[in-house]
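**Q** Got a predicted structure plus its sequence, pasted below:
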Amino acid sequence: MSQPPGWKPDVHRRVALDTMCFIYVLEANPDFLEASQSWLSLVESGRVEGTASVLTATEMLSHPLRAGRPDIAAYYSTHLRNIPNLDLAPIDLATAHEAARLRASWGLRTADALHLASAIRAGADVFVTADRQIARADVGLDIVVLRPD
């Protein structure tokens, strides 16, 4: 497995992963699989601590449930819960306030603001996403945008 794109080993000790990082791995997305898997492998191996907003579960499970596939939703949920060294950060009132500030300051969508606020409150050094819109927000942590290889 190659080094994750944008990873700074001396700086990035706590990595926040956006929902798509998990979906790309589970669905073996040919454009983003290698980059997503390399970040996830860092977390699974314990080389870094991982965090993701609990909102990730909502986003991951929605599509299979809408498609009438509760079996896939259950598989995704089990997979997410069993990733070593990954903390699912709750969305509490303080996180909601931070998300509102980010949304107002940067015009982010609510879900994106909640993901970033969760990352900030969890003490992440870097947020990994495939969403280029998120990258324009200067929120006090590095934002790495996955690009197809």
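**A** Okay, I see it. Numbers count the residues shown, from 1 in each chain.

**Q** how about the helix-or-strand element of the chain with minimal mean pLDDT as PDB, C-alpha atoms only?
**A** One helix or strand of the chain scores below all others by mean pLDDT, DSSP states H and E: helix 132-135, with a mean of 90. Extracted C-alpha coordinates of helix 132-135, given in PDB (Å, rounded to 0.1, in the frame of the first residue of the first chain):
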ATOM      1  CA  ARG A 132     -13.400  20.000  -3.600                       C
ATOM      2  CA  GLN A 133     -16.000  22.500  -2.200                       C
ATOM      3  CA  ILE A 134     -15.000  21.700   1.400                       C
ATOM      4  CA  ALA A 135     -11.300  22.400   0.600                       C
END
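
**Q** which other helices and strands contact that helix?
**A** Here helix 132-135 touches helix 110-121, strand 142-145, going by 3 or more CB pairs under 8 Å, 6 or more residues apart in numbering; DSSP states H and E. Heads up, the C-betas are built off the backbone N, CA and C, glycines and all.

**Q** So for Ile91, which of those sits nearest?
**A** helix 110-121 (6.0 Å; CB to CB).

**Q** The following helix or strand past the closest one: partners in the sheet, and parallel or antiparallel?
**A** Counting by DSSP states H and E, the element after helix 110-121 in chain order, helix or strand, is strand 126-129. Here strand 126-129 is paired, per DSSP bridges, with strand 14-17 (parallel), strand 142-145 (parallel).

**Q** Show me the contact partners of the last one.
**A** Applying CB atoms under 8 Å, 6 or more residues apart in numbering, the external contacts of strand 142-145 come out as 4-8, 11-12, 125-132, 134-135, 137.
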